[in-house]
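A.B. asks: need coordinates for the following:
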Amino acid sequence: GEYVRGIKAGMLNYLKTWFVLDVSLVVCDYVQVAVLTEQFSDGNAATMLRFTRLGKVSRLVGMAKVVRAMRMARVLMVLMERTLSELGRLMLWLMSLFSLTLWANHLLACMWFAIGVHGPAN
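C.D. replies: Numbers count the residues shown, from 1 in each chain. Now for the predicted structure:
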């Protein structure tokens, strides 16, 4: 990765590097949603989509996004080691663990709420 300073230079760098990958992922997702919505009454839509090239391309682009996120995490770790003190890194680590725990509890609460609303009534 290279450090790009300035909004215009950053936008041009993004357009040259990751823009095509991001747009293709979004387009694949929208097409999948459109196909599933159009054929929602037909139970074979998900099975049909799983075997199409579009589904394979979407998974491939998704894997590329995961690799990109892992690379960005590594860059952020190096940046934190260079700029933050040991106490600052510890505080950031604790805040991220707290946020992750809060997010997981939120998802569990949403699932229990959905079960309560859509479950059988006694």
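
A.B. asks: tally of neighbours for residue 13?
C.D. replies: When neighbours are defined as other CB atoms under 10 Å, residue 13 has 16 of them. For every residue, glycine as well, the C-beta is placed using N, CA and C.

A.B. asks: so where does it fall, helix or strand?
C.D. replies: Using DSSP states H and E, residue 13 sits in helix 7-17.

A.B. asks: can you check residue 79 too?
C.D. replies: In this structure, residue 79 sits in helix 53-83 according to DSSP H and E.

A.B. asks: okay, the angle between that helix and helix 7-17?
C.D. replies: 140 degrees (axes from the mean of the first three to the mean of the last three CA atoms, to 10 degrees).

A.B. asks: helices or strands next to whatever helix or strand comes next after helix 53-83 in the packing?
C.D. replies: Next along the chain after helix 53-83, taking DSSP H and E as the criterion, comes helix 86-118. In terms of contacts (3 or more CB pairs under 8 Å, 6 or more residues apart in numbering; DSSP states H and E), helix 86-118 is packed against helix 53-83.
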